[in-house]
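*Asks:* give me a 3D structure for the following:
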Amino acid sequence: YRALFNAEPTAFSFQGYDLMKYCVSTMYDGATDFTQTTSLPYMRGLQGNFRFERSDKNSGWQNTATRDIIYSPDFTVTLTR
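*Replies:* Next up, the predicted model:
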């Protein structure tokens, strides 16, 4: 990241990586028809966890496996539950 963008990665860099990895991994494992399913597999990412679920086939997706990370000005990271 530093070599490519000449900057330090931010929290959004890790969120984007986690979300893209989740989507690509889920499709690679065979989940391609998202309109017919009500839950997708669990994955633990660098910054966030993912488990998308919905109550029925007509409702929206909700991530039920989130976690919060706090980035401090001194570059320390705190995981909250």
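*Asks:* low-confidence stretches in the chain?
*Replies:* Under the criterion pLDDT under 70, the flagged ranges of the chain are 81.
*Asks:* one more time with 80
*Replies:* Along the chain, segments meeting pLDDT under 80 span 11, 31-35, 66-69, 79-81.
*Asks:* how about the helices in it?
*Replies:* Counting by DSSP state H, the segments of the chain that form helices are 2-5, 11-28.
*Asks:* just the residues contacting the longest one, thanks.
*Replies:* To tie it back to what came earlier, the one meant is helix 11-28. Applying CB atoms under 8 Å, 6 or more residues apart in numbering, the contact partners of helix 11-28 are 1, 40-41, 43, 45-48, 50, 69, 71. The way it works is simple: take the backbone N, C-alpha and C, and place the C-beta from them, glycine included.
*Asks:* buried ones in it, by neighbour count?
*Replies:* Within helix 11-28, the residues scored as buried using 16 or more other CB atoms under 10 Å are 14, 18, 22, 26.
*Asks:* give me the beta-bridge partners of residue 53?
*Replies:* Counting by DSSP bridges, residue 53 is bridged to residue 39, residue 62.
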